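Enquirer: here is my input; please provide its structure:
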Amino acid sequence: MSETIPSPVDDMTEGAVRPAGQKTVFVKSYGCQMNVYDSQRMADVMGAEGYREVATPEAADLILLNTCHIREKAAEKVYSELGRMRALKEEAKAQGRQVLIGVAGCVAQAEGEEIVRRARTVDLVVGPQSYHRLPDLVARAGVTPGVVDTEFPVEDKFRHLPDAAQARTRARGISAFVTVQEGCDKFCTFCVVPYTRGAEVSRPVGQVIAEVEKLALAGVREVSLLGQNVNAYHGEGPDGTEWSLPRLLRRLAEVPGIARLRYTTSHPREMTEDLIAAHRDLPALMPYLHLPVQSGSDRVLAAMNRRHTRDDYFRIVDKVRAARSDVVLSSDFIVGFPGETDADFADTMDLIRQVGFAAAYSFKYSARPGTPAAGIEGHLPETVMTERLHALQALVTAQQRAFQDSLVGQVIDVLFEKPGRNPGQMVGRSPYLSPVQVIAPSSLAGTIAAVRIIGTQTNSLNGVLEHALHMNAVQAAE
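Expert: Residues are numbered from 1 along each chain as shown. Here you go, the predicted structure:
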């Protein structure tokens, strides 16, 4: 999956005149939500150096591709993109203009100098731990191309972000992501995150609060806390003690203007009693929990080094639902892990049936170089993995549709975000992350209103303002 960062950047297009001395930067993000957040950070870091963010690579003096290494196809997309960027760079050179191309993110961390050898058009390779050094690296690359920085610094990188990146005041909408934790110590055998993102590091509480407060002042109403293992958060508090994620959530729920809180991605082993209690106690904490399980087979879970069993997962789900009855779950699944048998896959399908998910992200196993699973015997044929993936996705899709259908006729709170595609239409988010399309005035942007769900589409809901229905009923009675 790839996406360009949604942001209020310049509309400068190819051939546009740049202000004298004004440098421009284009950042494209691949993969997870944390990469999107990191891309915004890089744009801010360079903005502090006088770079203006633009919406197209043709308008940029600096192009940064923020990459994902979770699956092989995601990494190969980057090299395809670099091939296209080479022509753009050569065209700029013919015009007497220098364009620098940088590769950032997890592919940069994993492959380092190999990227420069494989794609000569790349001037800079920078890993996720070094974004605070980006201005210096760009300056060096402008003189001597081929700069590579993929070291894991000893210092906490969160303490070295400039003010612009610590506390963004450029709201990118009604909802915002805030990274609070990075890295992972779990070492699942299929995963590259511990090698590309490093050990778990938690952002100091004061930094998180300051950023959320400034986002709230800029009009943000919903904040999603991000981390590779976010519920393992253990940031240093203002009092010098270590704060847990539930304690942080309770504090953020007090920030004026913040109406909704979410967090992702979680690990079952970190679903503490206190965190489950936060779901019960905090109305601002949305009843939508993304809790990856990966497999329903104990044998496969052990081979994955997940350090939880299927029964552990069932117990957590039961506790969360007991704490808050309206909570819905989404999850991650990997099919075709080396050695996965028909019985193992049947266990996964059984778990899905028992839990019931509102959504899920599912993938065929992709061997990542350097991970323990890559060396395990029993890699499955592509055809078997494809067949199992289709079966799993069909089951999850049916559950998703059943959940959406169950909302028809209900009244739910919707946070309105932006105009819809049709005239007079607004789009908002349900507590369950579903987009909701409603005929409503644009003045509702940034507000929460009661909406009666009247229909569903593939990935969204249709609704009517409950207030409007009430007024119509009153008028009809008169």
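
Enquirer: quick check: buried residues in the longest helix anywhere in the chain?
Expert: If you go by DSSP state H, the chain has its longest helix at helix 382-407. Neighbour-count burial for helix 382-407, with 16 or more other CB atoms under 10 Å as criterion, is recorded at M385, R388, L389, L392, L395, V396, Q399, Q400, F403, Q404, L407. Where you see a C-beta, it was placed from the backbone N, CA and C, and this is true even at glycine.

Enquirer: how close does the third one get to D185?
Expert: According to CB to CB, to the nearest Å, L389 stands 29 Å off from D185.

Enquirer: then the last one?
Expert: Using CB to CB, one obtains 38 Å as the distance from L407 to D185.

Enquirer: contacts for stretch 363-372 next, please.
Expert: 69-73, 110, 189-192, 195, 305, 332-338, 340, 373-374, 379-380, 382, 385-386, 389 (CB atoms under 8 Å, 6 or more residues apart in numbering).

Enquirer: pLDDT weak spots in the stretch 351-478 of the chain?
Expert: The stretch 351-478 of the chain contains residues with pLDDT under 70 at 468-478.

Enquirer: so where do the helices sit in it?
Expert: Ranges of helices in the stretch 351-478 of the chain, per DSSP state H, counting those that start in this stretch, are 382-407, 466-477.

Enquirer: distance to L226 added to those helices, as a markdown table?
Expert: Shown next, in a markdown table, are the helices of the stretch 351-478 of the chain (distance: least, CB to CB, whole Å):
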| stretch | distance to L226 |
| --- | --- |
| helix 382-407 | 23 |
| helix 466-477 | 32 |
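
Enquirer: in the protein, which helix or strand is least confident?
Expert: strand 2-4 (a mean of 35; mean pLDDT, DSSP states H and E).

Enquirer: tell me what the host helix or strand of C106 is packed against?
Expert: For C106, the host element (DSSP states H and E) is helix 105-111. Judged by 3 or more CB pairs under 8 Å, 6 or more residues apart in numbering; DSSP states H and E, the packing partners of helix 105-111 are helix 33-47, strand 62-67, helix 72-94, strand 124-126, helix 193-196.

Enquirer: using PDB, write out every CA atom in it.
Expert: The C-alpha atoms that make up helix 105-111 are tabulated as PDB, following Å, rounded to 0.1, in the frame of the first residue of the first chain:
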ATOM      1  CA  GLY A 105      12.100   4.700   6.300                       C
ATOM      2  CA  CYS A 106      12.400   1.000   6.800                       C
ATOM      3  CA  VAL A 107      13.800   0.000   3.400                       C
ATOM      4  CA  ALA A 108      16.500   2.600   3.900                       C
ATOM      5  CA  GLN A 109      17.300   1.100   7.300                       C
ATOM      6  CA  ALA A 110      17.300  -2.500   6.100                       C
ATOM      7  CA  GLU A 111      19.200  -2.000   2.800                       C
END
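
Enquirer: endpoint to endpoint, stretch 227-237 covers what distance?
Expert: Stretch 227-237 has its terminal residues 18 Å apart, counting by CA to CA, to the nearest Å.

Enquirer: tell me where the model's unsure across the stretch 51-200 of the chain.
Expert: 70-75, 152-172.

Enquirer: again, only using 50
Expert: The model of the stretch 51-200 of the chain has pLDDT under 50 over residues 154, 162-171.

Enquirer: tell me how many other residues crowd P381.
Expert: 9 (other CB atoms under 10 Å).

Enquirer: related to what we said a few turns ago, just the buried residues of the contacts of stretch 363-372.
Expert: For these, a burial check counting by 16+ other CB under 10 Å picks out 69-71, 110, 189-192, 195, 333-338, 340, 373, 379-380, 385, 389.

Enquirer: the residues you listed in strands, which ones?
Expert: Using DSSP state E, the members of the buried ones among the contacts of stretch 363-372 that fall in strands are F333, I334, V335.

Enquirer: please tell me how far the last one sits from I316.
Expert: The span separating V335 from I316 equals 22 Å under the rule CB to CB.

Enquirer: repeat that for the second one.
Expert: The spacing between I334 and I316, counted by CB to CB, is 19 Å.

Enquirer: again, but for C188
Expert: Taking CB to CB as the measure, C188 falls 17 Å from I316.

Enquirer: go on, L285?
Expert: Taking CB to CB as the measure, L285 falls 16 Å from I316.

Enquirer: ok, those two, which is more surrounded?
Expert: When L285 and I316 are compared on other CB under 10 Å, the one with more neighbours turns out to be L285, at 24 against 20.

Enquirer: quick one, what contacts G227?
Expert: By CB under 8 Å, 6+ apart, G227 lies in contact with M34, T179, V180, Q181, E182, S202, Y233, Y263, T265.

Enquirer: closest to A277 among those residues?
Expert: Proximity of the contacts of G227 to A277 (CB to CB) peaks at Y263, which lies at 14.6 Å.

Enquirer: farthest-separated two in the buried residues of helix 382-407?
Expert: M385 and L407, at 33.1 Å, using CB to CB across those.

Enquirer: what does stretch 439-448 contact?
Expert: Counting by CB under 8 Å, 6+ apart, 174, 219, 221, 259, 413-419, 424-426, 428, 449, 464-465 sit against stretch 439-448.

Enquirer: just the buried residues of the residues you listed.
Expert: Buried members of these, scored by 16+ other CB under 10 Å, are 174, 221, 259, 413-417, 426, 428, 449, 464-465.

Enquirer: just give the number of residues close to G375.
Expert: For G375, using other CB under 10 Å, the count is 10.

Enquirer: identify all contacting residues around the helix holding C106.
Expert: For helix 105-111, using CB under 8 Å, 6+ apart, the contacting residues are 30-31, 35, 38, 65-70, 74-75, 78, 115, 125-129, 150, 192-193, 195-197, 369-370.

Enquirer: how many neighbours does the closest residue to E340 other than its chain neighbours have?
Expert: Residue nearest to E340 in three dimensions, not counting chain neighbours: V300, with 5.6 Å by CB to CB, 6 or more residues apart in numbering. When neighbours are counted by other CB under 10 Å, V300 registers 23.

Enquirer: pretty sure V300 sits in a helix.
Expert: Yes - assessed by DSSP: H, G, I helix; E, B strand; the rest coil, V300 belongs to a helix.

Enquirer: so it touches P338, yeah?
Expert: No - V300 lies out of contact with P338 (CB atoms under 8 Å); the separation is 9.2 Å.

Enquirer: you'd agree L215 is in a helix?
Expert: Yes - counting by three-state DSSP, L215 is located in a helix.

Enquirer: so what's the closest residue in space to it that isn't next to it in sequence bridging to?
Expert: Distances taken as CB to CB, 6+ apart put A176 closest to L215, at 5.0 Å, once the chain neighbours are dropped. Per DSSP bridges, the residues bridged to A176 are V223.

Enquirer: how about the one 5 residues further on?
Expert: Partner residues in beta bridges with Q181: S202, with DSSP bridges as the criterion.

Enquirer: thanks again, I'm all set now.
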